[in-house]
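>>> Got a sequence here, can you build the structure:
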Amino acid sequence: MAFMRSKTSDPAVKTTPDIAEAAIAVVSGLAFALTSIFLCVLPLTGNIAGARDFVVYWSTGQQLIHRANPYDGVAMMRIEHAAGLPAGYGALYMRNPPWGLPLALPLGLLGLRVAAFLWSLALLASLAISVGMLWQMHGRPKSYVHWLGYAFAPALLCLFMGQTSLFALLGLVFFLRLHATRPFLAGMSLWLCALKPQLFLPFGAVLLAWVLVTRSYKLVAGTAVAMAASCAATFCLDPSAWADYSQMMRTSGFQKELIPCLSVESRLWLSPQTMWLQYMPAALGCLWALAYFWTRRHNWDWMKDGSLLMLVSIFSAPYCWLYDQPLAIPALLQGAYLTRSKVLLVVLAFASLLIEIELIGGVDILSPFYLWTAPVWLAWYLLAVAFKKKRAEALPAM
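Have a look, this model is predicted:
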């Protein structure tokens, strides 16, 4: 007689948290709480030079509000140094595509401390909402593993530096939540992902193929509306933004930066002057992603299949900083919910803790030490899925 098993009758589903998970939750909760308190108090001290990237966004907002060029090296360096960046820094720029400039505009209306406080709150909210929504999307399990997302070391680093990767994470989670029920809004949420387009290349290739296969044109309409609105706003703020941005990217020395990721290190090892080599891993990743999607196109599940896709996108990105890796949180939490292996959960928590220890110990984010992070997130997820399949095969047929 056919019957449906409840969640509590399935041995693969945990109904109560265990001691290991509780310990992870306590440590993760403390890390998140201390980070939140520090970020809220720091602007009151006036010393926000450590939030380097936030200072760049604030300086960009200052230029925009005065209808000045946000890619003017002399002006940007003057504002940034006045805001507290060390004199050893040259001019730093907002490298997000120009359609992201409207995001920095409100900062130009605020003083440095107030802007830093509100920006930190926005980033904290993005992380909290993203992890909370993922927990809900997995059925509100009685488990503490989602606390790993709150205290994920790259996410905490993103908070400290004031980077926009957490906004991209929020856009990704909104897409995962809404693509089936509210495709237009899901498409609009992809504007947040477009703040970091280099991190979504295989993911984006499959998204286009999925739209064509499923004819999800409402999602395309939502994306088009959001992108058109932001581009129009950018043009109103600075009509020459795209030309100035292109000039900045050519002359700022970006190509010489030692970013600890597979694509950059491979180019530097093989042929430092051959820039197209830096995009080869992403191109190969796109080919793999399309093949991966095509074999699953009739039963494609963005929550499940998209997890591996996102991890491959991060791993093969033409450039990816450590603070860009919060985008791995949806995949890692899915793997954490799939596996019943306490060892795997502890390994994931330890890997995150190791990064925090190295950052506290003064290891620069440019260090090759961090080359291991993206491959480890990918390998960990594959192990979690493999262990889940192995356990499912070992269960007796019902």
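>>> Count the residues that sit near Asp301.
Residues lying near Asp301 (other C-beta atoms under 10 Å) number 10. No exception for glycine: its C-beta is placed from N, CA and C like everyone else's.
>>> Now do it against Pro86, distance only.
Here Asp301 is placed at a distance of 48 Å from Pro86 (C-beta to C-beta, to the nearest Å).
>>> Now for Gln255: which residues touch it?
Counting by C-beta atoms under 8 Å, 6 or more residues apart in numbering, Gln255 makes contact with Met275.
>>> Under a three-state scheme, what state does it occupy?
helix (DSSP: H, G, I helix; E, B strand; the rest coil).
>>> just the helices in the stretch 201-350 of the chain please.
Here the stretch 201-350 of the chain has its helices, by DSSP state H, counting those that start in this stretch, at 201-214, 217-237, 241-251, 262-270, 280-294, 305-316, 329-338, 342-360.
>>> nope, the stretch 51-200 of the chain is what I meant
For the stretch 51-200 of the chain, the helices defined by DSSP H, counting those that start in this stretch cover 52-65, 73-82, 101-104, 112-137, 147-150, 153-161, 165-178, 183-193.
>>> same for the first one, what does it pack against?
Pointing back at helix 52-65 there. helix 73-82, helix 101-104, helix 112-137, helix 153-161 (3 or more C-beta pairs under 8 Å, 6 or more residues apart in numbering; DSSP states H and E).
>>> need the contact list for the most centrally placed residue in the chain.
Centroid-nearest residue in the chain, with C-alpha atoms, centre = their mean: Leu327, separated by 3.1 Å. Counting by C-beta under 8 Å, 6+ apart, Leu327 makes contact with Ser165, Ala168, Leu169, Leu172, Lys196, Leu199, Met310, Ser313, Ile314.
>>> Leu338 now?
Contact analysis of Leu338 by C-beta under 8 Å, 6+ apart lists Ala384, Val385, Phe387, Lys388.
>>> Show the pLDDT at the first one.
So that's Ala384. The model reports Ala384 with a pLDDT of 92.
>>> Quick one: residues contacting the residue nearest to it when sequence neighbours are not counted.
Among residues not flanking Ala384 along the chain, Gly335 sits closest, at 3.5 Å (C-beta to C-beta, 6 or more residues apart in numbering). Contact analysis of Gly335 by C-beta under 8 Å, 6+ apart lists Ser307, Leu344, Trp380, Tyr381, Ala384, Val385.
>>> do the same with Trp119
Taking C-beta under 8 Å, 6+ apart, one finds Phe54, Tyr57, Trp58, Leu107, Gly162 in contact with Trp119.
>>> hmm, 6 Å instead?
By C-beta atoms under 6 Å, 6 or more residues apart in numbering, Trp119 lies in contact with Phe54, Gly162.
>>> is it true that Met248 touches Tyr71?
Yes. Using C-beta atoms under 6 Å, Met248 makes contact with Tyr71 at a distance of 4.2 Å.
>>> which residues are in contact with both of the two?
Counting by C-beta under 6 Å, 6+ apart, the contacts common to Met248 and Tyr71 are Tyr93.
>>> between the two, who's got more neighbours?
Using other C-beta under 10 Å as the criterion, Met248 and Tyr71 rank with Tyr71 on top: 25 against 20.
>>> Please tell me how far that one sits from Asp244.
Distance of Tyr71 to Asp244, given as C-beta to C-beta: 4 Å.
>>> Identify the residues contacting Val220.
Each residue near Val220 by C-beta under 6 Å, 6+ apart is listed here: Val211.
>>> ok, 10 Å please
Val220 makes contact with Pro183, Phe184, Gly187, Leu190, Leu207, Leu208, Val211, Leu212, according to C-beta atoms under 10 Å, 6 or more residues apart in numbering.
>>> Would you confirm that the third one contacts Ala194?
No. No contact is recorded between Gly187 and Ala194 when judged using C-beta atoms under 10 Å, the distance being 11.1 Å.
>>> Which neighbours do these two have in common?
With contacts taken as C-beta under 10 Å, 6+ apart, Gly187 and Ala194 have Thr223, Ala226, Met227 as neighbours in common.
>>> So what's the predicted local confidence for the residue lying closest to the first one once chain neighbours are set aside?
If the residues on either side of it in the chain are set aside, Thr223 comes closest to Gly187, at 4.0 Å by C-beta to C-beta, 6+ apart. According to the per-residue confidence, Gly187 scores 96 in pLDDT.
>>> who wins for most neighbours among the shared contacts of Gly187 and Ala194?
Highest neighbour count within the shared contacts of Gly187 and Ala194, by other C-beta under 10 Å: Thr223, with 23 neighbours.
>>> quick one: low-confidence parts of this protein?
For the chain, the stretches flagged by pLDDT under 70 are 1-18, 20, 22, 25, 36-51, 389-398.
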